[in-house]
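> Structural data only, the sequence is not supplied:
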């Protein structure tokens, strides 16, 4: 696909044609200096939404009926297109998000990598969870022939995220996993990076056309506000919703999904404070090293990762750790934020925490923020465990480069506080091997509170792989049984269908006696490729 085909038009992508400029106009802004970015973008109209929904409904049976290898080829074509246009996409994403080019190049690699990983899953084919219980006519009463496998749900609405303009947006993990399962996708682009969204959307639309697929397999809708997003979530064609963003936005979509005449699943990932527990032995052995790693983790991406360690339980006697953290934070410059609104909310949250006096300022980078720049200063707060338990709002996420140290006394107190936590994406334990062996009760509690447990590490790196779980109990996500990262994410957009006493020739290939695809299946309760 030639670069000239990806010049920005500023309009939604519905079918093979761009929509008209009839909706409200808005512009992206460079958060580094506040300048308005051209061109103007136009919100989709209700007519655009209806057309996208109509095309998705038509495309669904065709797309769902493709073989796994055919869908894998489509995903690879998207990945190849994104890589070919990578410089252009990364350049625009840098202007709209203020994120460093190196970070965005890595994020583009993650985006293409997860598309290719889902392609591998489709080519192997066993993800459909085929189960076969052959007939037993001699049994009293006779047992019928019963077979089941996963099938796609239907068109999926995906809401782009602000903090990952590539990996959690138009071609991100939600889109990749929904397409992999066989569902058309309608993306509501995030207004903070409309140009990036259009560039990526045009690559996907090109892949749809080059693959000979119905145009309704993919659509991209712009929205300056929330009107189109709300209408999309309510539309009867939509069979599932995927969202990454604030708790307020996620809960609003959950309520819409549940109150529809036909309720649909809403998979909302809504952020987390990600508790970290530092045990005394680890503090004695490597306190300064842990402090250095913690600083790098909670300020990574200016603290705008949903996996940022936002509260850290530390032993009372930790002077070396505190000194290292103070020296490191005080030497930091300003941290660029994704948008001016995010920067304002962060600054207000920090000042509110200072004004209320619930926590002591341990360290703060004292720098002057340019008025035109969306930026914030790193800050570390400290509080006793007793005060922390008295003020549950201290456990809420603050989106930005800050963390809260909670000073505890006896290790037994950690189990008590862990039981008081709500759901989070991750929890981390730093300790010696002996301490970890003694911390089994703490681990058992944390297993009920998070989706991922780490030992002697930092949670901000999320590996895209088969075993990864990026999810957790509410309010971290809307459904703790699911993940939005890794290949298990495909299971969100599929449902089981059972076939009883069907002739072999009428069954899907995955369930036929000869197993023509050679996939792993459960036959009479045993996993086999036979």
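All right, it came through fine. Everything numeric in this text was worked out from a predicted model, so none of it was measured. Numbering: from 1, shown residues only.
> Give the residue spans of the stretch 1-150 of the chain that score low on pLDDT.
With pLDDT under 70 as the threshold, the stretch 1-150 of the chain has low-confidence stretches at 1-6, 18.
> Then the chain?
Residue ranges of the chain with pLDDT under 70: 1-6, 18, 317.
> right, and the helix or strand after the strand or helix carrying residue 47?
Assessed by DSSP states H and E, residue 47 sits inside helix 46-64. Remark: after helix 46-64, the chain's next helix or strand is helix 68-84, criterion DSSP H and E.
> after that following helix, next one along is what?
The C-terminal neighbour of helix 68-84 among helices and strands, as given by DSSP H and E, is helix 86-97.
> Which elements pack onto that next one?
In this structure, helix 86-97 packs against helix 101-124, helix 194-210, with contacts taken as 3 or more Cβ pairs under 8 Å, 6 or more residues apart in numbering; DSSP states H and E. Every residue, glycine included, has its C-beta placed from N, CA and C.
> Helix 68-84 and the longest one, what's the angle between them?
Here helix 101-124 points in a direction 170 degrees away from that of helix 68-84 (axes from the mean of the first three to the mean of the last three Cα atoms, to 10 degrees).
> what does the helix or strand following helix 101-124 rub up against?
Tracing the chain C-terminally past helix 101-124 and defining elements by DSSP H and E, one meets strand 131-133 next. Taking contacts as Cβ atoms under 8 Å, 6 or more residues apart in numbering, the residues outside strand 131-133 that touch it are 143, 145, 146, 147, 148, 149, 511, 521, 522, 523, 524, 525.
> Please list all residues in contact with the fourth one.
If I follow you right, that is residue 147. For residue 147, the contacting residues are 130, 131, 132, 133, 498, 499, 500, 502, 507, 511, taking Cβ under 8 Å, 6+ apart as the criterion.
> Please indicate which of the residues you listed are buried?
130, 131, 132, 133, 499, 507, 511 (16 or more other Cβ atoms under 10 Å).
> from those residues, which is closest to residue 487?
Top of the list for closeness to residue 487, among the buried ones among the contacts of residue 147 and by Cβ to Cβ, is residue 130 at 16.6 Å.
> Distance of the residue nearest to the closest one when sequence neighbours are not counted relative to residue 281?
Counting by Cβ to Cβ, 6 or more residues apart in numbering, the nearest residue to residue 130 once its immediate chain neighbours are dropped is residue 521, at 4.1 Å. Counting by Cβ to Cβ, to the nearest Å, the gap between residue 521 and residue 281 amounts to 48 Å.
> buried stuff in stretch 34-50?
Within stretch 34-50, the residues that count as buried by 16+ other Cβ under 10 Å are 37, 39, 40, 41, 42, 43, 44, 45, 48, 49.
> do stretch 254-267 as well
For stretch 254-267, the buried set under the neighbour-count rule, 16+ other Cβ under 10 Å, comprises 254, 256, 257, 264, 265, 266, 267.
> So the last one sits against residue 479, correct?
Yes - under the criterion of Cβ atoms under 8 Å, residue 267 makes contact with residue 479 at 6.0 Å.
> Need the residues touching each of those two.
Overlap between the neighbourhoods of residue 267 and residue 479 consists of residue 492, taking contacts as Cβ under 8 Å, 6+ apart.
> Was I right to think residue 530 contacts residue 515?
Yes - judged on Cβ under 8 Å, residue 530 makes contact with residue 515 at a distance of 6.7 Å.
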